[in-house]
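# need a 3D model of the sequence below.
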Amino acid sequence: MPGYGDSPPAEMVAMAQGRVAFLDHVLQELGMRRPVLVSPSMSGRFALPFILARGDRLAGFVPVAPVGTKDYTAEQYRRVQTPTLILYGDRDTGLGPQALQSLRHLPGHRVAVVPDAGHACYLDKPEDFHRALLGFLRQLK
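Numbers count the residues shown, from 1 in each chain. Predicted coordinates:
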């Protein structure tokens, strides 16, 4: 993602609107129609504004203890109609429960807590993470 890791900063993604446009462009370039967006941690800065603005372009949304959940209101979350699996590790005592407090306002969401896993639950317990993810994917239309 622009501005993260070794990527140079990009002015276009400084604002939420630019991050939505960037992610929309990536999905278009990849030719993806109604993908499921899996969004761990820092990618929440891109995924959350996208789901609020263009959630109808997604078949599903899987936030994994994302950052930025407090930036939006319960009413904004209630407008999203995208099926959602809220996922986090039970040892993630910071971002996981914090994200759940905001994301629980998404209609039609499910919650999966990965046992004995921290913030990067997909690394700590990959089999449990994938079991929850695949279970969610199987239920999508």
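# identify the residue nearest residue 132 in space, chain neighbours excluded?
Excluding the flanking residues, the one nearest residue 132 by C-beta to C-beta, 6 or more residues apart in numbering is residue 112, at 3.8 Å. C-betas here are computed from N, CA, C, even on glycine.
# mind checking the SS state of the one you found?
Following DSSP: H, G, I helix; E, B strand; the rest coil, we place residue 112 in the strand state.
# show me where the protein has its strands.
Using DSSP state E, the strands of the chain run over 36-40, 60-64, 84-89, 109-114.
# could you dump these to TSV with distance to residue 73, mean pLDDT and mean neighbour count?
Shown next, in TSV, are the strands of the chain (distance: least, C-beta to C-beta, whole Å; pLDDT from 0 to 100; neighbours: other C-beta atoms under 10 Å):
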stretch	distance to residue 73	mean pLDDT	mean neighbour count
strand 36-40	19	96	20
strand 60-64	16	97	25
strand 84-89	17	96	25
strand 109-114	16	96	18
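# may I see these organised as TSV, with distance to residue 18 added?
Below are the strands of the chain laid out as TSV (distance: least, C-beta to C-beta, whole Å):
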stretch	distance to residue 18
strand 36-40	17
strand 60-64	20
strand 84-89	24
strand 109-114	27
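# so residue 9 is in contact with residue 1, correct?
No: the criterion here is C-beta atoms under 8 Å, and residue 9 misses it with residue 1 at 11.0 Å.
# which stretches of the chain form helices?
16-29, 44-54, 74-78, 95-103, 121-124, 126-138 (DSSP state H).
# next, the buried residues of the second one.
Translated: helix 44-54. 44, 45, 46, 47, 48, 49, 50, 51, 52, 53 (16 or more other C-beta atoms under 10 Å).
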